[in-house]
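Peer 1: Got a predicted structure here, sequence first:
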Amino acid sequence: MQFNRDFLRSVLCTVVLGFCGQLALALEPFQVRDIRVEGLQRVEAGTVFASLSVKVGDTYTDDKASASIRALFALGLFKDVRIEANGGVMVVIVEERPSIADVEFSGTKEFDKDALKKALREIGIADGRPFDKALVDRAEQELKRQYISRSMYATEVITTVTPIERNRVNLTFSVIEGDTARITDIRVVGNRAFSDDTLLGLFDQNTGSWLSWYTKSDRYSRTKLNADIETLRSYYLTRGYLEFKVDSTQVAIAPDKQSIAITINVTEGERFVVSRVKLAGNYLGKEEEFQSLVAIKVGEPYNVDQVSQTTKAFTDYFANFGFAFARAEARTSIDRATNRVEITLQADPSRRAYVRRINVAGNDRTRDEVIRREFRQLEAAWYDGEKIRQSRNRVDRLGFFKEVSLETQEVPGTQDQVDLTVNVVEKPTGSISLGAGLSSADGLGLTFGFKQENAFGSGSSLGIELNTSKYNRTVVFNTTNPYFTEDGVSRTIDLYLRTSKPYTDIDSYSIETSGASLRFGVPFTDVDTVFLGGGVEQTRIVPGTLLPTVYTDFANEFGYTANALPLTIGWARDTRDSALVPSTGKVMRVSGEWSVGGDLRYVRGTVQYQQFYPVSRKVTAAFNADLSMGAGTSGLSYPVFKNYFSGGLGSVRGFEQGSLTTGTQRALGLTATGGARKFNVNAELLSPLPGGGNDRTLRMYGFFDAGGIFGAEEPIVVGDFRTSVGVGISWISPIGPLRLAVAKPISKFDGDKIQSLQFQIGTTF
């Protein structure tokens, strides 16, 4: 009977520990005099002892042994664990998992190997980690998933485990990538109101074009398809189809896994016109003010964008009075007999609240104060939706973060307090460049640049620029502290040395300008800044061959070396939605310079206006006009090296850069040395490249340019303008904005230098 009882206990213990993958013999309880661990190779004995539920002096039981075995398996370091007893000594016998000696990839052309190793390290597969077959299987599936996300459905992954000495293994992931599956067919079924071409033109995904190698628009992505479906739904809901719905979506992959067909089944429903809009609920006695915020138009088709815009405007306006929990809902009442819809805007301001605390999260590098000083909402103040929106936008405009979001949390146990959390995702703000640049105006030049927009997380910028182009050489150092004072007054320091040598001959003349300036920016509003500054500047004419008469005349009046003490003043307003690819908004700039000391006396100024109009979802119209003028003061001549130049990218395309001459220069047959007055007008129409889908980083444009250069005593006459038309390509490339233009002059003068093809990196208009 004793034998049967011991045997039954052993069987029960085996069942309890079966999920651990090992067999444990049931033992009678005994006093543990010592614990011995056998089988260790790399794992420290202390790691095992720390996981045991039994200590020296304790009474051994099967339950404690089972708990110890489970804890040891949970470490992930062992593939087998047994516990035995030997004369009061508990013996723990372990078999360690092999460790991973090396992880290699073969056949991975689509992904960088270092990036793959980093991804596997995050799931536990890396050099020195214990080998776990389950993790390897998971890694295989993750690799396949990554390839599927790039439409490479035929990809195969084969894992080879090679045992080596000292209980280690090498892992090799062999990948057979196969070809990328392409979208060969997209269909929308059930549409009656709009054509297939119209609807498919809304999608970012398509069946391919000559630009698909760049846009990858013919590669299937579930995320992109969902976005396209939402675009389709929005298109219908903004045109009166209130009951539009997507019934189903089928994605069919061919047996060879090389082609994909997408079918989207829709029900359009009837088109409804808004018959009435009324307010309901509590509007704080400000019904007229809320009524003015209604964007929904009676008599026009139902438009979900107008409805969303209205409800958001209502909640935002409630928030301006401290009602952080306000709700606004649009309720529809449909008359199917007449296809009309009545919209009731139901509002509930709920309760007023104030901000207890503002938290900042995600800023590993940027100091808290850099973010907090942009906030217009204060802690312990009433919740103000307008100030919170301004604060969020100001943080975003710093340019230090990929994403900026705000969360509002109710404070537990209170009815009138909220906490705000600013979540930011930082991005690299520094850059170092060393290479060569090619410009149709300046030829080949070596460049070096260092720029840190957020130096040491302080919010200040620091930059160095070197340029060794054929005609213009530059050394510039600048630094800006955007919060030189607590009120947000910025301070900029510039040190520069510029050399201009219009000809490549060794004996050719050159002009050297060196100086330093100090400038302060005073913000008056969130979009308006006034700049005040001053500096010291020295210009030196190095005599040589081909020295124009205007420089000789200047040297006769002021000498070959002249000093100036210019004061600067300016104002700028920028309301664009994007600095790189704007589609709406405007830019206005006014700047002036007045030399009050040194050898030179002059004033000069520039006025610029830019406007961007969204013609359609894809097309943007842009307009630019700038006028610059300069004049001498105190009875002295206007210095020639302060002249303005025109022609080429940034002014009148189709003419060589800076080659336009004044009327006097043309009459005397002189080369272009600029003029004291300049006026340019530019108009552009920009759209994505055919086949480029909705990609706004690569666009084509048509343009019309008009402008001219005039001497100090010459009037600005429209009849003296050069004009041109043309087409071009704008690309936000990895190394900066690039523009290519092909232009044809319309009006020109004898002697003008024509340059039909021009390109440059960094030109903005």
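Peer 2: Sure thing, it's come through.

Peer 1: Relative to Tyr602, how far out is Ala562?
Peer 2: Separation of Ala562 from Tyr602 (Cβ to Cβ, to the nearest Å): 11 Å. All C-beta spots, glycine's among them, are computed from the backbone N, C-alpha and C.

Peer 1: Would you quantify the distance from Asp531 to Ala126?
Peer 2: Careful, residue 531 is Phe and not Asp. 53 Å.

Peer 1: I meant Pro745, not that one.
Peer 2: For Pro745, the distance to Ala126 (Cβ to Cβ) stands at 63 Å.

Peer 1: neighbour-wise, which of these two wins?
Peer 2: Neighbour totals were compared for Pro745 and Ala126, and Pro745 leads with 20 against 15 (other Cβ atoms under 10 Å).

Peer 1: element containing the more buried one?
Peer 2: Pro745 belongs to strand 736-747 when assigned by DSSP states H and E.

Peer 1: before we move on, what about Glu465?
Peer 2: Secondary structure (DSSP H and E) places Glu465 in strand 461-468.

Peer 1: And the very next helix or strand once past that strand, what's buried?
Peer 2: Moving toward the C-terminus from strand 461-468, the next helix or strand (DSSP H and E) is strand 472-481. By 16 or more other Cβ atoms under 10 Å, the buried positions in strand 472-481 come out as Asn472, Arg473, Thr474, Val475, Asn478, Thr479, Thr480, Asn481.

Peer 1: any idea which of the residues you listed is closest to Ala672?
Peer 2: Asn472 (14.9 Å; Cβ to Cβ).

Peer 1: Assign Glu289 to helix, strand or coil.
Peer 2: Secondary structure, DSSP: H, G, I helix; E, B strand; the rest coil: Glu289 is helix.

Peer 1: Can you tell me how far it is from Ala330?
Peer 2: 18 Å.

Peer 1: and stretch 391-405, how far from the chain's centre?
Peer 2: Remark: stretch 391-405 is offset 11 Å from the chain centroid, using Cα atoms, centre = their mean, to the nearest Å.

Peer 1: Hmm, I typed the wrong one, I wanted stretch 532-545.
Peer 2: Its chain's C-alpha centre and that of stretch 532-545 lie 39 Å apart, by Cα atoms, centre = their mean.

Peer 1: Kindly report the same for stretch 343-353.
Peer 2: When C-alpha coordinates are averaged (Cα atoms, centre = their mean), stretch 343-353 and its chain have centres 35 Å apart.

Peer 1: just stretch 164-184 next, same as before
Peer 2: Distance of stretch 164-184 from the chain centroid (Cα atoms, centre = their mean) equals 32 Å.

Peer 1: quick one: buried residues of that stretch?
Peer 2: For stretch 164-184, a neighbour-count test (16+ other Cβ under 10 Å) marks Arg168, Val169, Leu171, Phe173, Val175, Glu177, Thr180, Ala181, Ile183 as buried.

Peer 1: For the first one, list each beta-bridge partner.
Peer 2: Per DSSP bridges, residues listed as beta-bridge partners of Arg168: Ser99, Ile164.

Peer 1: residue contacts, it?
Peer 2: By Cβ atoms under 8 Å, 6 or more residues apart in numbering, Arg168 lies in contact with Pro98, Ser99, Ile100, Ala101.

Peer 1: Once you drop chain neighbours, what's closest to the last one?
Peer 2: This points to Ala101. In space, and not counting its chain neighbours, Ala101 is closest to Arg168: 4.2 Å by Cβ to Cβ, 6 or more residues apart in numbering.

Peer 1: roughly how far apart are that neighbour and Asp127?
Peer 2: To Asp127, Arg168 is 10 Å away according to Cβ to Cβ.

Peer 1: Give me the common contacts of the two.
Peer 2: Here Arg168 and Asp127 have Ile100, Ala101 as joint contacts, going by Cβ under 8 Å, 6+ apart.

Peer 1: Just after the helix or strand of the chain with the lowest mean pLDDT, pick out the following helix or strand.
Peer 2: Taking mean pLDDT, DSSP states H and E as the measure, the chain has helix 2-16 as its least confident helix or strand, at a mean of 42. Proceeding N to C from helix 2-16, the next assigned helix or strand is strand 34-38, under DSSP H and E.
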